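Enquirer: Sequence first, then the predicted structure:
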Amino acid sequence: MFRGIVQGRGVIRAISKSEDSQRHGIVFPEGMLQLVDVDTVMLVNGCSLTVVRILGDMVYFDIDQALGTTTFDGLKEGDQVNLEIHPKFGEVVGRGGLTGNIKGTALVTAIEENDAGFSVLIDIPKGLAENLTVQDDIGIDGISLPITDMSDSIITLNYSRDLLANTNIASLAKDVKVNVEILNEW
């Protein structure tokens, strides 16, 4: 389990594609690079991936099975991604822990600024939304938050301004796709 608390924001610098897989090279933020090694398991935009190579300040991940259920196929060089390193064995994860098992993608329908930060409205696919309720935790691009409002399949999440420094939240906009992990399907 991961915490669902993003530790840093990386920048995609290289993408190589084959017929059924991709390799993404991501420049890590200062202070995170020395915490990873080959075979480190971590979240990249909420999806559990394993480090396959490190060259200089660039960390590489192979993506294959996740291409069909995530936003990875639509990412391009220069895009920012959320990063979280797997906690050490025995560390407490707490409420809203993520597995990194992305169930699908959803579409941002609106972003509304408010005094505390901003609210993001996201249209969750009906098959994923059917068991969701207000106050359920949900993982969006690796950030775990409780749903604050819900109307049909549109959920509202409230993000505080302090998340802007270490996440890719600033790049969210109407009609942007995000990765979704449903936490209440146990």
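Expert: That came in fine, so what should we check first? Numbers count the residues shown, from 1 in each chain.

Enquirer: and the nearest residue to Ile12 once chain neighbours are set aside, what pLDDT?
Expert: With sequence-adjacent residues excluded and distances taken as CB to CB, 6 or more residues apart in numbering, Ile12 is closest to Asp79, at 5.0 Å. Any C-beta I mention is one placed from the backbone N, CA and C, and that applies to glycine too. For Asp79, the pLDDT comes out at 97.

Enquirer: Same question for the one 4 residues further on.
Expert: pLDDT, the model's per-residue confidence, is 97 for Leu83.

Enquirer: hey, what's it bridged with?
Expert: Residues in a beta bridge with Leu83, per DSSP bridges, are Gly8, Val44.

Enquirer: List of residues touching the lowest-mean-pLDDT helix or strand in the chain?
Expert: Least confident helix or strand, the chain: helix 126-129 with a mean of 90, by mean pLDDT, DSSP states H and E. With contacts defined as CB atoms under 8 Å, 6 or more residues apart in numbering, helix 126-129 is touched by Lys103, Gly104, Ala106, Met150, Asp152, Ser153, Ile155, Val180, Ile182.

Enquirer: quick revisit: kindly state the neighbouring-residue count (a burial measure) for the residue nearest to Ile12.
Expert: Using other CB atoms under 10 Å, Asp79 has 17 neighbouring residues.

Enquirer: mind showing which ranges of the protein have poor pLDDT?
Expert: Residue ranges of the chain with pLDDT under 70: 90-95, 184-186.

Enquirer: what are the ranges of the strands in it?
Expert: For the chain, strands defined by DSSP state E occupy the ranges 8-17, 22-27, 41-44, 47-55, 58-63, 80-85, 104-114, 117-123, 137-140, 143-146, 149-151, 154-160, 177-182.

Enquirer: can you list those in JSON lines and add mean neighbour count and distance to Gln34?
Expert: Compiled in JSON lines, the strands of the chain are given as follows (neighbours: other CB atoms under 10 Å; distance: least, CB to CB, whole Å):
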{"stretch": "strand 8-17", "mean neighbour count": "16", "distance to Gln34": "12"}
{"stretch": "strand 22-27", "mean neighbour count": "19", "distance to Gln34": "14"}
{"stretch": "strand 41-44", "mean neighbour count": "23", "distance to Gln34": "14"}
{"stretch": "strand 47-55", "mean neighbour count": "16", "distance to Gln34": "10"}
{"stretch": "strand 58-63", "mean neighbour count": "19", "distance to Gln34": "11"}
{"stretch": "strand 80-85", "mean neighbour count": "22", "distance to Gln34": "11"}
{"stretch": "strand 104-114", "mean neighbour count": "15", "distance to Gln34": "32"}
{"stretch": "strand 117-123", "mean neighbour count": "18", "distance to Gln34": "31"}
{"stretch": "strand 137-140", "mean neighbour count": "24", "distance to Gln34": "26"}
{"stretch": "strand 143-146", "mean neighbour count": "20", "distance to Gln34": "24"}
{"stretch": "strand 149-151", "mean neighbour count": "12", "distance to Gln34": "41"}
{"stretch": "strand 154-160", "mean neighbour count": "18", "distance to Gln34": "28"}
{"stretch": "strand 177-182", "mean neighbour count": "22", "distance to Gln34": "26"}
